[in-house]
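Asker: sequence plus predicted model, see below.
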2 protein chains.
Amino acid sequence: MTHPLAARIAQIEPFHVMELLQRARELEAAGRSIVHMEIGEPDFPTAEPVVAAGIRALQEGRTVYTAAAGLPALREAIAGHYLDRYGQAVDPGRIFVTPGGSGALLLALALLVEAGQEVLLPDPGYPCNRHFVRVLNGIPRSIPVGPEQHYQLQAADVVRHWGPRTVALMAASPSNPTGTLLADEELSALAAAVRERGGALIVDEIYHGLTYGIEPASAVRLPAFVVNSFSKYFGMTGWRLGWLVVPDGYQRAAEKLAQNVFISASTPAQHAALACFTDAARTVFEERRQAFAVRRDYLLPALQDLGFRVHTEPQGAFYLYADCSGLAKDSFELSRRLLEEAGVAVTPGLDFGSHAADRHVRFAYTNALPNLQEGVRRIAQFLEQGH
Amino acid sequence: MTHPLAARIAQIEPFHVMELLQRARELEAAGRSIVHMEIGEPDFPTAEPVVAAGIRALQEGRTVYTAAAGLPALREAIAGHYLDRYGQAVDPGRIFVTPGGSGALLLALALLVEAGQEVLLPDPGYPCNRHFVRVLNGIPRSIPVGPEQHYQLQAADVVRHWGPRTVALMAASPSNPTGTLLADEELSALAAAVRERGGALIVDEIYHGLTYGIEPASAVRLPAFVVNSFSKYFGMTGWRLGWLVVPDGYQRAAEKLAQNVFISASTPAQHAALACFTDAARTVFEERRQAFAVRRDYLLPALQDLGFRVHTEPQGAFYLYADCSGLAKDSFELSRRLLEEAGVAVTPGLDFGSHAADRHVRFAYTNALPNLQEGVRRIAQFLEQGH
């Protein structure tokens, strides 16, 4: 390459699961059946009322730019969602509609992090977070989190790891890959510890709504940057639509940044998303939440019976983060062999950080119950053969 | 504000025209008629065959993530476009489908620019470019360009302004706000000068297709990063879809960056965009190109008759960058008064940089001919009244 390449590129890892996916596609093209338990995307199509609203928007010619912060009606609908679901009043002026949760993460970090400044993140965690920090020339500091703190950073971690160059802490509740939540009081303590140090708390709530038997509060009640998305609970992955709630005082900065970096989020997607807050759509979303709960309730004990250890019961998202150290020496190798020999695709721990990554794999229950059952059957057979 | 705020935010300016737009909306809400000549978006809705393809995609449930680099069929269709229109063979593996041209600009700069490194840009130019550089902690170096070089950076500017920290040069052909082109040989010379210094050339071609009486070559024939978009010629602004062609050797870096920063571009938009390369859509696009040509051919002499000076005939985009120094002392003040007193909205030069910005306004001919005629009539009346 004769052109320059920014140093950050060497620090950004590809998704390791992509290699496995590529291999899975080759196997499928060759006629092999593969059970997919690696995919971080609901298997349900976008709900009919939302699709219908999208089609209507296109028929009505809603294809021009919106305001950079989003359609006023959508910002108000999101504010209404916080009031209905959480009893929290949020000024729509603090809500910025973005191209996916990805856009919201970029916007929040670009508002906060300068070159050379540090951001604390949990390891394991969503891999893109540390890469967003690197894109902005910040330094991601991955803090190992284990089951004893249900894989969530705690106020004590802030005390221990906050340094002179630290400006922000990123949390996700429910977490990807662990599905665990920050309890309301833990989140409050975390926010207080960060605030005392003059830093900012960024809370990723993109799996909110997909919790089972528990209704967590939203971090919008705190002075925090709250990232959310229409992808998961609302089932709009490919439409690429999310939002960011900024603390009071950041509105003007967020607006000018969004104007310059995005122009606006997708207009048809924004019109479609308005239908997410109708009763018809909510009924579909809640049915799907129940389906996910049923899958989790099947998969968790089934994997435990096979010898996988899930140290903390996950309460949300659609993932199980399973310790496979009793079954294999290396989780990446296990992932590879499960694919090749058992026809089951899972995500190796390596994609979520380096802390005990070689002892864990992530199972996604984004597949119908009979397929999960088939996957478990295949893994059982693989393990019985004493690989 | 008790939270931190990254220093870059202070260096990112909002679009000044937004204030005028806001005021225009207030005036319209109060019953005033405003002729809009400030809007950087075609007034034509998305072409029917493209909308129909989008509706079909939604009906078929095409709402899940695509590969990070985009739908293979779309990357191939874009490669086909380079072959059909420019006679240039481009490997589809070098084409990355992005969330708008904005996503392509971010991707290109994130691949190239490290903290503290410089990027050369023309002033006047697209304002977001320097802000993208700032988001990535680079230093935008705006180089004044005048009519004597038809507002385009030349190889001589590279010789003069390239420094030890310079890594890239951004050009746009046709340019926003000036509508001027880089001639093929100028572009080649620019590329050679940048290359000799080990730097990268980024060429924004988002107004390609909207040229009048001239068919420029594409920079894909060079080792350059080429940014394009479905927004302008293809009329898909609100769908937020663009693409980046990377030089050979950057494919893997671009892919992992796109995976992490975007996940993927909008899926319904990508399916809709496939229809952009059909004969039916091309017919609509070419009709619209003709309409823009007719408007330009009316507006340019009409403004000159009023005393605006357009020093270099624009050959593309849908803008006229007009010197108003013979009519008013300050272009921002003129913009304000044209809005308040004449009911005509234009964009002040200030939005495009600082070089002679107070002597220029940008007229967009993204409005039907009768409206442009009415705008000219109003401006004439305003000027006659000896404001």
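Answerer: Arrived safely.
Asker: run through who's touching the helix or strand hosting A:Arg56.
Answerer: When elements are assigned from DSSP states H and E, A:Arg56 belongs to helix A:48-59. Helix A:48-59 is contacted by residues A:45-46, A:234-236, A:239, A:267-269, A:271-276, A:278, A:280-281, A:284, B:51, B:54-55, B:58-59, B:61, B:63, B:268 when judged by Cβ atoms under 8 Å, 6 or more residues apart in numbering or on different chains. C-beta coordinates here come from the backbone N, C-alpha and C atoms, glycine included.
Asker: C-terminal to it, what's the next element?
Answerer: Going down the chain from helix A:48-59, the next helix or strand is helix A:72-86, by DSSP H and E.
Asker: contacts for the next helix or strand after that next one?
Answerer: Toward the C-terminal end, the helix or strand that comes next after helix A:72-86 (DSSP H and E) is strand A:95-98. Defining contact as Cβ under 8 Å, 6+ apart, one finds that strand A:95-98 is touched by A:66, A:69-71, A:74-75, A:78-79, A:104, A:106-107, A:241-246, A:254-255, A:258, A:262, A:265, A:270.
Asker: with stretch A:292-310 instead?
Answerer: When contacts are defined by Cβ under 8 Å, 6+ apart, stretch A:292-310 is touched by residues A:210, A:212-213, A:313-314, A:318, A:320-327, A:361, A:363, A:365, A:367, A:369, A:372-373, A:376, A:379-380, A:383.
Asker: rerun that using 6 Å as the cut-off
Answerer: Stretch A:292-310 is contacted from outside by A:212, A:318, A:320, A:322-324, A:326-327, A:365, A:369, A:372, A:376, A:379-380, using Cβ atoms under 6 Å, 6 or more residues apart in numbering or on different chains.
Asker: near chain B, from the contacts of strand A:95-98?
Answerer: For chain B, the contacts drawn from the contacts of strand A:95-98 by Cβ under 6 Å from any Cβ of the partner chain are A:Phe262.
Asker: before we move on, back to that, which among the contacts of helix A:48-59 end up buried?
Answerer: A:45-46, A:234-236, A:239, A:267-269, A:271-276, A:281, A:284, B:51, B:54-55, B:58, B:63, B:268 (16 or more other Cβ atoms under 10 Å in any protein chain shown).
Asker: thinking again about what came up before, can you tell me which of the contacts of stretch A:292-310 is nearest chain B?
Answerer: When those are compared for distance to chain B (Cβ to the nearest Cβ), A:Phe318 comes out closest, at 14.5 Å.
Asker: how about the contacts made by that closest one?
Answerer: Shown here is A:Phe318, whose contacts under the criterion Cβ under 6 Å, 6+ apart are A:292, A:364-366.
Asker: what strands line up against the helix or strand harbouring A:Leu169, and which way round?
Answerer: The secondary structure element spanning A:Leu169 is strand A:166-172 (assigned by DSSP H and E). According to DSSP bridges, strand A:166-172 has the following sheet partners: strand A:118-123 (parallel), strand A:200-204 (parallel).
Asker: tell me which of these sits most buried.
Answerer: Of these, the one with the most neighbours on average (mean count of other Cβ atoms under 10 Å in any protein chain shown) is strand A:200-204, at a mean of 26.
Asker: show me chain A divided up by domain.
Answerer: Structural domains annotated on chain A: A:8-45+A:281-384, A:48-278, as defined by automatic domain parsing.
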